[in-house]
Every structure is written in structure tokens, then in C-alpha cells.
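Trainee: Sequence plus predicted model, see below.
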Amino acid sequence: MKTNLLAQIHSQTPIVLNVANHVTPQRVADGINYIGGSPMMVADPLEAADLAHIANTVVLNLGSTNPTAQELMLTAGQTTNQVQHPVIFDPVAVGATPLRRQRTQQLLDHVQVTVIRGNAGEVAALAGIKWEQHGIDAGQGTADPVEVAQTAAQQLHCVVVISGPTDIVTDGTTVYRIENNAPMLATNVGMGDVLDGLLGVAAGVSADLETIATATGILPVAAELAAGRYPDAPFSFIAETYNQLARLDDQTLQQRLQLQKN
Amino acid sequence: MKTNLLAQIHSQTPIVLNVANHVTPQRVADGINYIGGSPMMVADPLEAADLAHIANTVVLNLGSTNPTAQELMLTAGQTTNQVQHPVIFDPVAVGATPLRRQRTQQLLDHVQVTVIRGNAGEVAALAGIKWEQHGIDAGQGTADPVEVAQTAAQQLHCVVVISGPTDIVTDGTTVYRIENNAPMLATNVGMGDVLDGLLGVAAGVSADLETIATATGILPVAAELAAGRYPDAPFSFIAETYNQLARLDDQTLQQRLQLQKN
Amino acid sequence: MKTNLLAQIHSQTPIVLNVANHVTPQRVADGINYIGGSPMMVADPLEAADLAHIANTVVLNLGSTNPTAQELMLTAGQTTNQVQHPVIFDPVAVGATPLRRQRTQQLLDHVQVTVIRGNAGEVAALAGIKWEQHGIDAGQGTADPVEVAQTAAQQLHCVVVISGPTDIVTDGTTVYRIENNAPMLATNVGMGDVLDGLLGVAAGVSADLETIATATGILPVAAELAAGRYPDAPFSFIAETYNQLARLDDQTLQQRLQLQKN
């Protein structure tokens, strides 16, 4: 694991520009702020390039896709490519409609993404692997999530993070698994979006595979600490997860992170 | 009351597509998720029909009306009519501006809604009954809310739910009253929108009058349990209301629901 | 200080129309509601004038600037000028991009604002004073914030509120300082937007300098009470800050407000 990630975040305060969805931006912005980053959002393509220049990372979210959001993603993503900063992409419900598949294809044709973060169903849809989704949830599939992640990473030449009971982080060759989890995270809408934001903060420090794998563990580690205090109260749990995010240091992260590499 | 509603929701996980307003979508999505539904939001009319086909119910909210939201409501509503799934409509502040009245009329002309949920002032405006609103609040009127609800239900051929200290649910003939309430619900913006979402989840199981009446009681029952723990702290109260929503089962609902039919 | 501000708010329930950003509208609407105002949001320029006529104050936020938001700000602002009600303006990150500077200039050319509320960097950018911003944060500057506020107030003929460890409220001549603060406010995104909303509620009662100065202290006083209970848990702190907002009365505000005039 990256043993000084949180210290570096706290000393650098990376600026994360978000093309956010319309549902969870408050949670995302708070999450970025709580671990020591600085969130920005953009709503007008006319200033997307200027804001991308200010940012250390951009996070693109397909959740509330519409023509403006697509233009924001393309402009912010291409600008970020030009300045060689990391681009995080969350293909929310990409398998749900043809429009989402087309817009994702257009984005991937024009922007080199650094990290893709999704659930198993979303990444399977990207990789052309059969999977049955249920609305925005991961749904059911027979494929091995590790193979799904590796296939997508190889096809798209980026790091792929699949969230689930076990999180998987791979560049297509090396695979990290994170066993930390709290099922109540899934009761609260947008915690995947929050994870994207935390990956954006970490990528502002460094976007190597080990850093992304370590950063993927920040939210579930905080959530496990919170679940210990509020085992059956999902809203109190999510409030406490935020408290823990603000409090987390590298020592605690190192002690609790169940990260395996193979 | 419908005695196995929550069990059926938990076993079916109805997908609720929301044309949400811009203020409260996080609360709405969480509410749907907490009682066992699966929320989806839509922001692009180009995929509204596709997403409506995936959903079990759609919930249309006039709150942040604009041309795109109107097109989303029309397309999602008409598609849902075609597949004969339930449509919930919340005419937020319909009496406040001519634009809201026109757009509501256009929607009702092109979409057969299954359930309308509003406060007394909003439903009075729909039914052409005099009522004085105060911003987005219910305001004051001299008409009997039961008659207001019945008149609207008969005119619009749908179930009407009026929220207030006593909730009223009617198809124009049969009237249910729910006496459960917690005044602190009104301190938190968007709890009416959350109720819409919960009605959407329930309607995904069944949209008969008894089910809608039972579902209307879910939020006030959870809120009463929360108010018992946090009688004078409205934010702690709303957090606990969510905890209670996640925990509620049919047995507790049956014990606490004060539902009268006449 | 204005000694009966909260009592007057509670008796009048001022309606505050918000051209809000896309990130924090739930927090803003709740804040307005919790202290006894009535929040409305607007998303369609076609009804902006009608809603501005209903409102007692409008609050304009540059945060999610885009062409529609700009049109909403211009229409709502001009209408509010015509009916001689107060206009609050928050120039979020105005120094960050040329687009934000242009749109702010256009707004100030066409709307007479009553109160501008920003951090030191934003107000410095308005007044043409050198300041280095960091994303949406205040950043660092060498100028005296009091002089920055006075210069902006004189140039723009309005009350200026600069938020920070010490809040400054001035009409360009008289200066109020508020020493109440809780650093955890800054951990939670949008608390400046919430302050704007609270100023909007207060301005619905009266927009004189003393009232605006008193109103500026409401949020930090509530936050100090909350920080006493949750000194190292920023999310529990913000929840408790809302509880305190709902509970605050003029007597407590008077006892705790550290307001200095010179």
C-alpha cells in the first residue's frame, strides 16, 4: 500500500473538478473536502477548459447524462489529457440504454481515461461481457469480476476499479483486492460517486496503481469503523462514515486496510 | 391496510424512475433505497422512454419545472401509460404561477396519472377550489381537505393523496385518513418528495387504493418513532427517520398505523 | 445588534427565492426553513419574474453558472429591484475564470444588489484587489480584509459581507466584525451558501446594516454551540448546527454573539 497517501493529500489539497450527476453532488463534494481535497463543479462548457486547467484531477460521471453533461465531459477530459493530469470516469448504468453506451463510446474515443470506476455490471458492459443489471444496481452475472476488470483494463488501457463486497483494482496485469466493506454503504445512494471523488483526490497526488488501490480502501475502511458504532442504522452510519473520513490517518488506514496483491 | 406491503417491496425491489426536482433528489433516492426500492433518475428526454421501460413506476415532480423537465415528464409518463405501469405526479406549487398551471394541464391532458400527491393548497389549485398558498407551503383555505381531495380525484380519475396533519387518500369515493404525523417533517425540505418516492415504490407492487393508503403511512410512522427519540432536534430527527425507514417491517407498520376508512 | 430579529422572522416567515447552485440546494433550503423562512427555488426564466413577485428577497448564487442560471439571476434580480425588495448576491469563485468575471459584471450592470456575501478572495476579485485563490476556497492575500470589504462596498454601493475566521460586514463606512466561528463549518461544502440564505431570510424582515450584521452571526453562533458537543466529528457537528438553528432564539443569540462595531 501507499503508506503516506493521506499525509500527502493533507499537505497538497488536490483540486478535483467534477462533472457530477444531479443527485449526489453534495455527498461527493463533502467527501472530497473531508479527506483533504478541494472540490469544484462545472455546469457550463464555456468554462470547462479553464476550470480543468486549475484542477489537479477531473472526475467524469455519466449518471445524469444529457447533451450539456456530455460536452462538459468531453471538454474537461480533453483539456485534462493535454495537461497530462488524471481523468477518472464512472460509467453509471452504462448498460441500461443505447444512449449511455453511445456517449461512453464517444467519450472513450476522445479522452484517454486514467481510471474507470464502476460496479461489476457497468464494467462488464464496457468490456462487452454479458451481465444482467437491475436499474442502477450491479445485478447478477456469471463472469468472474477479476476477469471482467482485467479485460476492461486491457481493452481501454487504463486502471479499472470494480466496487463490490470485494473491490478489485487492476491495470490489466497486476490485481489488487480490497476486502474491507460495509453493506450499509449500498443503502445510501451515491457512495460509488463519493468513491470516485476520493480516487480523484488521491490521483491528484499520484495515479499509479498502488496509490489507486490504497485510495479505493479509504471509504470502506472508514465505513467499517462507522458500522462498528451504528450496526443497524444506515443514516447514522453514513454520518459517522463522514466523521471517520475526516479523522482517518495513514497509520489507521495501514492497520485496517485488507489489501491483497497477486 | 395492506398487511404484507413491506415484505413484497423487499422481495421485488421495484425500480422507480424519477423526474426529480433539483433540490431534494438525494433525499428522494435515499428514501426509495431505504425502504427497499431501486431509484433511477433521468435528465435527458432521449433516454426517458428507455428508462421508463426498465422501471416499475415513474414519479413526476413539478418542483424545478423547465422545458427539459416538462419533456421528461411527458415522455416518461406517456411511455409508462403504454406499458400500463403506475404514474405518480406531484404538482409542486402548481398554484404559484401561470406557467405551472399550464404545464400541469398539458401533462394531465397527455398522461393518465395513477396517483396525485400534494398538499391541500396544491390539490385545491388542481381542482379549481379557492385556496391561499404561501410560497411552496400549503397555506390556508376554508374548504374541507376531504372534499378537495374527492373533487380532484373525481375530476382527474385517479387516486389523490393530500399530505398534512391528517393525510387523506381517496379515489373520489372511498376515503382513507392517516392520523400519524410528526410536525418536524415539515421543517425538513423535500419530505413530500420523499413520500412521492415511497408511493412510487409501493405502486410498483400494487397501485390499488388500500396499498396507496398503507404506503402513505410509512413515512409518518417512521417519523413518529424518530420524534420519540429526538423530540426537539429536527436534523437528528430526520436522520433517525431514515434509520427507521430502513428498519420498518409490516408488523410494526400494522401496530402503529392509524388508518381509518369511511 | 438587532435584538428581535429571530422573533420577527418567526412571525413573518419571509419567502426567499433562490437562484441556487446545483450542489448545495438541499442544505440551503433546509437552512432557510430551519430558522423560520420559506425557501423557493427557480429553474425556468419564464417564471422567474412571477416567483420574484411572490418572494420577499432573492438570493443569487454564481456557483453553477451557465446561460440559464445567468438569465434566471438577471430576471429575478431586475424584478426584485422593481418591487424594491432586497437582492443578495454570492459571487462564487468569481476570480477563477473570465466567464465568471464577465457574468458578474453583467449582473452588477443590470441589477442593484443589496448585499454581496463572499470569502475574502471573491470580494477582492470584485474590487480589483490582488488575491490568490485556491479553487473555490478563499486562498491567500496580503490585503486587509476590512479594506477589501470597504472598497467593494463603496464601489458597488451595497453592503458587503466577507466570511472568514472573523466575519466582516460593512456598507463602506461603518464596519461590524463577528468573532464567532467554528472551523468545521469549512469542512462542510456549501455553508457559505447557507449563510446567503439566512441573510436572505433576515433581509426579508429588514435589510439595514445592523440587521445584516446580526444575521451574519446566526450561523456561527449555532455552529459554536454544535462544536461544543461534537468537537471532532464534522458531520455530527453539521447535523447539530441545524438542530441549533431550529432552536435559536434572540436571547441566546444576544448572549453569544460577539459583534463589534467601529
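Mentor: Alright, I've got the coordinates. Residues are numbered from 1 along each chain as shown, chains lettered A, B, ... in the order given.
Trainee: For the stretch 51-200 of chain A, just list every one of the strands.
Mentor: A:57-61, A:87-90, A:115-119, A:132-134, A:137-140, A:159-163, A:167-170, A:175-178 (DSSP state E, counting those that start in this stretch).
Trainee: what's the spacing between stretch A:108-115 and its chain's center?
Mentor: Distance, stretch centre to chain centre, for stretch A:108-115: 15 Å (CA atoms, centre = their mean, to the nearest Å).
Trainee: what's the answer for stretch A:59-66, then?
Mentor: Distance, centroid of stretch A:59-66 to centroid of chain: 12 Å (CA atoms, centre = their mean).
Trainee: can that stretch be found next to chain B?
Mentor: Yes - judged by CB under 8 Å from any CB of the partner chain, stretch A:59-66 comes into contact with chain B at A:G63, A:S64, A:T65, A:N66. No exception for glycine: its C-beta is placed from N, CA and C like everyone else's.
Trainee: any idea of the mean pLDDT in that stretch?
Mentor: Taken as a whole, stretch A:59-66 carries a mean pLDDT of 98.
Trainee: How about stretch A:174-186?
Mentor: On average, stretch A:174-186 scores 97.
Trainee: distance between that stretch and the chain's centre?
Mentor: Mean C-alpha position of stretch A:174-186 versus that of the full chain (CA atoms, centre = their mean) differs by 13 Å.
Trainee: which parts of that stretch are buried?
Mentor: A:V175, A:Y176, A:R177, A:I178, A:N180, A:N181, A:A182, A:M184, A:L185, A:A186 (16 or more other CB atoms under 10 Å in any protein chain shown).
Trainee: Just the closest of those to A:L46, please.
Mentor: Checking these against A:L46 with CB to CB, the nearest one is A:L185 at 36.2 Å.
Trainee: so who does the nearest residue to the closest one once chain neighbours are set aside touch?
Mentor: Ranked by CB to CB, 6 or more residues apart in numbering or on different chains and with sequence neighbours excluded, the top spatial neighbour of A:L185 is A:M191, at 4.6 Å. By CB atoms under 8 Å, 6 or more residues apart in numbering or on different chains, the contact set of A:M191 is A:R27, A:L185, A:L219, A:I238.
Trainee: Show me those that map onto strands.
Mentor: Here DSSP state E is the test, and the contacts of A:M191 give no hits in strands at all.
Trainee: so which of those residues comes closest to chain B?
Mentor: Nearest to chain B among those, counting by CB to the nearest CB, is A:R27 at 6.6 Å.
Trainee: Do you know the pLDDT at that closest one?
Mentor: Here, the pLDDT recorded for A:R27 equals 98.
Trainee: how far away is it from B:D249?
Mentor: Distance, A:R27 to B:D249, using CB to CB, to the nearest Å: 28 Å.
Trainee: Provide a complete list of residue ranges assigned to helices in the stretch 101-250 of chain A.
Mentor: A:120-127, A:145-156, A:191-205, A:209-216, A:218-229, A:234-247, A:250-256 (DSSP state H, counting those that start in this stretch).
Trainee: Residue numbers of chain A in contact with chain C?
Mentor: For chain A, the residues in contact with chain C (CB under 8 Å from any CB) are A:13, A:15, A:20, A:22, A:25-26, A:29-30, A:33-34, A:38-41, A:43-44, A:46-47, A:50-51, A:54-55, A:68, A:239-240, A:242-243, A:246-247.
Trainee: Near chain B, list only the ones from the residues you listed.
Mentor: A:H22, A:Q26, A:A239.
Trainee: Give me the buried subset of those residues.
Mentor: Buried among those by 16+ other CB under 10 Å: A:H22, A:Q26, A:A239.
Trainee: Excluding covalently adjacent residues, which one is nearest to A:D232?
Mentor: B:R247 (6.7 Å).
Trainee: Repeat that for A:T13.
Mentor: Nearest to A:T13 is A:S38, by CB to CB, 6+ apart, at 5.3 Å.
Trainee: The one you found contacts A:H10, correct?
Mentor: No - with contact defined as CB atoms under 8 Å, A:S38 and A:H10 do not form a contacting pair (11.7 Å).
Trainee: out of the two, which sits in the more crowded spot?
Mentor: Legend: neighbour count by other CB atoms under 10 Å in any protein chain shown for A:S38 and A:H10, higher for A:S38 (23 against 13).
Trainee: May I have the phi/psi pair for the more buried one?
Mentor: The phi/psi pair for A:S38 (degrees, to the nearest 10) reads phi -130, psi 110.
Trainee: picking that back up, show the buried residues in the residues of chain A next to chain C.
Mentor: Buried subset of these (neighbour count, 16+ other CB under 10 Å): A:13, A:15, A:20, A:22, A:25-26, A:29-30, A:33-34, A:38-41, A:43-44, A:46-47, A:50-51, A:54-55, A:68, A:239-240, A:242-243, A:246.
Trainee: now the helices of the stretch 101-250 of chain A as TSV including distance to C:D171?
Mentor: As requested, the helices of the stretch 101-250 of chain A are exported to TSV (distance: least, CB to CB, whole Å):
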stretch	distance to C:D171
helix A:120-127	54
helix A:145-156	57
helix A:191-205	40
helix A:209-216	48
helix A:218-229	45
helix A:234-247	37
helix A:250-256	48
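Trainee: can you tell me which of those comes nearest to A:D109?
Mentor: Among the helices of the stretch 101-250 of chain A, helix A:145-156 sits nearest to A:D109 (CB to CB), with 11.0 Å.
Trainee: what's the average pLDDT for stretch A:12-23?
Mentor: For stretch A:12-23, the per-residue pLDDT averages 98.
Trainee: Endpoints of it, how far apart?
Mentor: One end of stretch A:12-23 sits 29 Å from the other (CA to CA, to the nearest Å).
Trainee: Tell me the residues on chain A that lie near chain B, please.
Mentor: Counting by CB under 8 Å from any CB, chain A sits next to chain B at A:21-24, A:26-27, A:63-67, A:69, A:93, A:96-100, A:134-137, A:187-190, A:232-236, A:239.
Trainee: filter the residues you listed to the buried ones?
Mentor: A:21-24, A:26-27, A:63-66, A:69, A:93, A:96-97, A:99-100, A:135-137, A:187-190, A:233-236, A:239.
Trainee: for the stretch 101-250 of chain A, which spans come out with low pLDDT?
Mentor: Applying pLDDT under 70 to the stretch 101-250 of chain A flags residues A:132-140.
Trainee: switch the cut-off to 90
Mentor: For the stretch 101-250 of chain A, the stretches with pLDDT under 90 are A:130-143.
Trainee: In contact with the spatially most central residue of chain A: list those residues for me.
Mentor: Nearest to the geometric centre of chain A sits A:D196, at 2.2 Å (CA atoms, centre = their mean). Counting by CB under 8 Å, 6+ apart, A:D196 touches A:V28, A:V59, A:N61, A:I88, A:D90, A:R117.
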